[in-house]
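Peer 1: okay, structure incoming, though there's no sequence with it:
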């Protein structure tokens, strides 16, 4: 029964997209748009619709999700290192220069990620504000 409902739902989506719009454009402009599509890894239809509707392009959305995933993975590693530093400090009542150096490197990575995050969020907010 689930399969049947999925098929019906997909057929409804196809019916929704049954309309076509034709417009004239120079070969040069079409070629340029296709290059943009290749760079952004999207279709010409998606590029036009997303541009007209001021939506975030699929590729940009993928980049944002990839960044968030990378950030999450790095924060897990950093949390692990912070816990290791805390264990060492509690057990030995001091932190060696090597451990302190590793800790400082991870904190520098956090600062860099926060800068990247703020740039991406700035882009998102400016797109949403339009």
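Peer 2: Noted; the coordinates are in hand. These figures come from a predicted structure and were not determined experimentally.
Peer 1: which parts of the chain belong to which domain?
Peer 2: 1-55, 56-130 (automatic domain parsing).
Peer 1: which of these sits most buried?
Peer 2: Comparing these by mean neighbour count (mean count of other CB atoms under 10 Å), domain 56-130 comes out on top with a mean of 12. For glycine as for every other residue, the C-beta is placed from the backbone atoms N, C-alpha and C.
Peer 1: helices or strands next to the longest helix seen in the chain in the packing?
Peer 2: The longest helix of the chain (DSSP state H) is helix 58-92. Under the contact criterion of 3 or more CB pairs under 8 Å, 6 or more residues apart in numbering; DSSP states H and E, helix 58-92 touches helix 27-40, helix 97-129.
Peer 1: thinking again about what came up before, same list (the domains of the chain) but as TSV, adding mean pLDDT.
Peer 2: Output for the domains of the chain, formatted as TSV (pLDDT from 0 to 100):
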stretch	mean pLDDT
domain 1-55	78
domain 56-130	76
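Peer 1: taking helix 27-40 as reference, get the angle to the longest helix of the chain.
Peer 2: 20 degrees (axes from the mean of the first three to the mean of the last three CA atoms, to 10 degrees).
Peer 1: the inter-axis angle of helix 58-92 versus helix 97-129?
Peer 2: Angle between the axes of helix 58-92 and helix 97-129 is 150 degrees (criterion: the same axes, to 10 degrees).
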